[in-house]
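Q: Next input, structure requested:
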Amino acid sequence: MWKVYKWNGMYIQGDLISKHKTESAALKKAKKEINFAHAVKDNRADEKLIWLDAKDHTPVGVIVKKVKGGK
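A: Below you'll find the predicted structure:
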């Protein structure tokens, strides 16, 4: 389950915007709700992250997917 989070002024993973089954649907919703210019993918052992940054590379949100059983 891909979860889209928006920066709430204190935390990057602050406000939950929506949940999606696919990565493309999550990116579409993030583009509609969060005005971001750059998306950087990061694969970790227990989760997949897509960091959403503004034009000046300040973080404005994140898309998270928890991965069970490692990579």
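Q: Can you list the low-confidence ranges for the protein?
A: Applying pLDDT under 70 to the chain flags the ranges 70-71.
Q: 50 instead?
A: Counting by pLDDT under 50, the chain contains no low-confidence residues.
Q: can you map out the strands along it?
A: Using DSSP state E, the strands of the chain run over 2-6, 15-20, 38-43, 47-53, 59-66.
Q: Look up the closest residue to the residue most central in space within the chain, ignoring the ones flanking it.
A: For the chain, the residue sitting closest to the mean C-alpha position, by Cα atoms, centre = their mean, is Ile63 at 1.6 Å. Distances taken as Cβ to Cβ, 6 or more residues apart in numbering place Ile50 nearest to Ile63, at 4.1 Å, with adjacent residues excluded. Heads up, the C-betas are built off the backbone N, CA and C, glycines and all.
Q: what does Glu23 give?
A: Take Glu23 and drop its neighbours on the chain: the residue closest to it by Cβ to Cβ, 6+ apart is Trp2, 5.8 Å away.
Q: gap between the residue in the chain sticking out farthest from the centre and Asp42?
A: Distance to the chain centre peaks in the chain at Gly69, reaching 21.0 Å (criterion: Cα atoms, centre = their mean). According to Cβ to Cβ, to the nearest Å, Gly69 and Asp42 sit 19 Å apart.
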